[in-house]
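K.L.:
show me how the following folds:
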Amino acid sequence: MKPLFFILILSLTTKSCDETKNIYVADHQEDCTSVAPQKCMLIKENVNDEWTYFYENINGFEYKSEFEYLLKVKVETIKNPPADGSSLKYTLVEVLEKNKTKKQVNLSNNWKVISMKGIDSFEKNPTIKFDNKEKSITGFAGCNNFFGNFDSDKQILSLGEMGMTRKMCPNMNLENTFINNLKNVSTYKIDDSKLILYNKENQKIIICELIK
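P.N.:
Numbers count the residues shown, from 1 in each chain. As a prediction, this is how the structure comes out:
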């Protein structure tokens, strides 16, 4: 009876490590690195929590972007997991909610300048491209192309030194005004697919629309 009793205790201990819980899944994935670079789902257990990277798969769950989910999942402990693998196994129990969300628009996009402090109209609209992965900013200033780097934290935007091509145009006023405004950018906001850049006095100095 002793071996049977031992097996029963071991079985109960193993089961006690398993649980069923609800998790929220975000409507987009982000770049992350585990053993190698990959795309990660974002999850959280409570609606007011911050999103965190989820490096695993959920067995039986078919993820689609632009939908936010509330899932009931079973979490099981894996005995003797591989050295580069997780010790937990996730299995879908039920999709409790699946809601289509509005397309996410973030800073890392292509933008066309439609309004700017100091300029009433445009012959050629300047453009700005932010690449969040490379932390680079490039675009067309009105005559020349420009390039540089940036850093952002929430709505704070810091632009580094920028280089430019050296073409001369008959009227450099647009380009000079645009570059001077860029140098004064301090914060930004995205509202209804428009990018609004502010200076330190919280004045709107550049307004852009998304290039689709």
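K.L.:
buried sites along the biggest strand by length in the chain?
P.N.:
The longest strand of the chain (DSSP state E) is strand 88-100. By neighbour count on 16 or more other C-beta atoms under 10 Å, the buried set for strand 88-100 is 89-90, 93. C-beta: built from backbone N, CA, C; applies to glycine.
K.L.:
distance from the chain centre to it, please.
P.N.:
22 Å (C-alpha atoms, centre = their mean, to the nearest Å).
K.L.:
show the end-to-end separation of stretch 107-126, please.
P.N.:
Stretch 107-126 stretches 16 Å from its first residue to its last (C-alpha to C-alpha, to the nearest Å).
K.L.:
just checking, next helix/strand downstream of the longest strand of the chain?
P.N.:
Proceeding N to C from strand 88-100, the next assigned helix or strand is strand 110-116, under DSSP states H and E.
K.L.:
got the buried residues for that following strand?
P.N.:
Residues of strand 110-116 classed as buried by neighbour count (16+ other C-beta under 10 Å): 111-113, 116.
K.L.:
looking at those residues, spot the one nearest residue 150.
P.N.:
residue 111 (12.7 Å; C-beta to C-beta).
K.L.:
one step back: mind listing residues that contact the longest strand of the chain?
P.N.:
With contact meaning C-beta atoms under 8 Å, 6 or more residues apart in numbering, strand 88-100 is reached by 20, 22, 56-61, 66-78.
K.L.:
one more pass at 6 Å, please.
P.N.:
56, 58-61, 67-76, 78 (C-beta atoms under 6 Å, 6 or more residues apart in numbering).
K.L.:
just the buried subset of those, please.
P.N.:
Buried among the contacts of strand 88-100 (16+ other C-beta under 10 Å): 58, 61, 67, 69, 71, 73-76.
K.L.:
please name the nearest non-neighbouring residue to the one residue sitting closest to the centre of the chain.
P.N.:
Centroid-nearest residue in the chain, with C-alpha atoms, centre = their mean: residue 30, separated by 5.8 Å. Among residues not flanking residue 30 along the chain, residue 40 sits closest, at 5.9 Å (C-beta to C-beta, 6 or more residues apart in numbering).
K.L.:
over to residue 193?
P.N.:
residue 210 (4.6 Å).
K.L.:
can you check the pLDDT for the residue nearest to residue 59 when sequence neighbours are not counted?
P.N.:
Spatially, and ignoring its direct neighbours in sequence, residue 59 is nearest to residue 91 (4.4 Å; C-beta to C-beta, 6+ apart). Note on residue 91: pLDDT of 96.
K.L.:
before we move on, what about residue 6?
P.N.:
Confidence score, pLDDT, at residue 6: 37.
K.L.:
make 402 the starting number, not 1.
P.N.:
Renumbered: residue one is now 402, and that last one reads residue 407.
K.L.:
show me this protein divided up by domain.
P.N.:
With domains defined by automatic domain parsing, the chain comprises 418-501, 511-611.
K.L.:
worst mean pLDDT among the ones you listed?
P.N.:
Sorting those by mean pLDDT places domain 418-501 lowest, at a mean of 91.
K.L.:
where does residue 530 land in three-state SS?
P.N.:
strand (DSSP: H, G, I helix; E, B strand; the rest coil).
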